[in-house]
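Q: got a structure for you, letters missing:
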């Protein structure tokens, strides 16, 4: 939530409309062929890592709409600790999401990439990578401009 100490910054979408439109197009392209429930888990997890309140709020709501269980949403930030809850495909996608989002070692480890490649064909894997890079861009826009979700 923006406060007097931390007010919302520039309205990025109003002041960079071409970039915004390009982001919308990129987002739509990245989602093609990706299961909506898996997409929302990936989008929410990257947003958690990036501390993007706006995107966490939006994607948890969207996840519920496409049938992701409350339990999965509540335990998403500890997905590795509940192997029976998330499918192997979801776990592979979440591991890749974390590796691409954090990049602390400057690369995505081979074991993480290979795990994802075992669950997704080349086209699906490329889409998943595109989805992760897109949410990371959205997160950076929202966090930088201090875009916060409405309090309900």
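A: Perfect, thanks for sending it. As the structure is a computational prediction, the values presented were derived from the model and not from experiment.

Q: show me what the longest helix anywhere in the chain is packed against.
A: Counting residues, the longest helix in the chain under DSSP state H turns out to be helix 122-145. With contacts defined as 3 or more Cβ pairs under 8 Å, 6 or more residues apart in numbering; DSSP states H and E, helix 122-145 has these neighbours: helix 12-15, helix 17-31, helix 36-49, helix 53-65, helix 88-102, helix 110-119. Using the backbone N, CA and C atoms, a C-beta is placed for each residue, glycine as well.

Q: possible to save those helices as a markdown table with mean neighbour count, distance to residue 138 and mean pLDDT?
A: Shown next, in a markdown table, are those (neighbours: other Cβ atoms under 10 Å; distance: least, Cβ to Cβ, whole Å; pLDDT from 0 to 100):
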| stretch | mean neighbour count | distance to residue 138 | mean pLDDT |
| --- | --- | --- | --- |
| helix 12-15 | 12 | 10 | 89 |
| helix 17-31 | 13 | 7 | 96 |
| helix 36-49 | 23 | 8 | 98 |
| helix 53-65 | 18 | 6 | 97 |
| helix 88-102 | 20 | 12 | 97 |
| helix 110-119 | 15 | 21 | 97 |
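
Q: what sits against the residue positioned nearest the centre of the chain?
A: The centroid of the chain falls nearest to residue 43 when counting by Cα atoms, centre = their mean (2.1 Å). Going by Cβ atoms under 8 Å, 6 or more residues apart in numbering, residue 43 touches 55, 59, 62, 131, 135.

Q: tell me the SS of residue 148?
A: coil (DSSP: H, G, I helix; E, B strand; the rest coil).

Q: kindly apply the preceding question to residue 51 instead.
A: coil.

Q: for it, which non-adjacent residue is closest in space?
A: Counting by Cβ to Cβ, 6 or more residues apart in numbering, residue 51 lies nearest to residue 143, which is 6.5 Å off, once chain neighbours are set aside.
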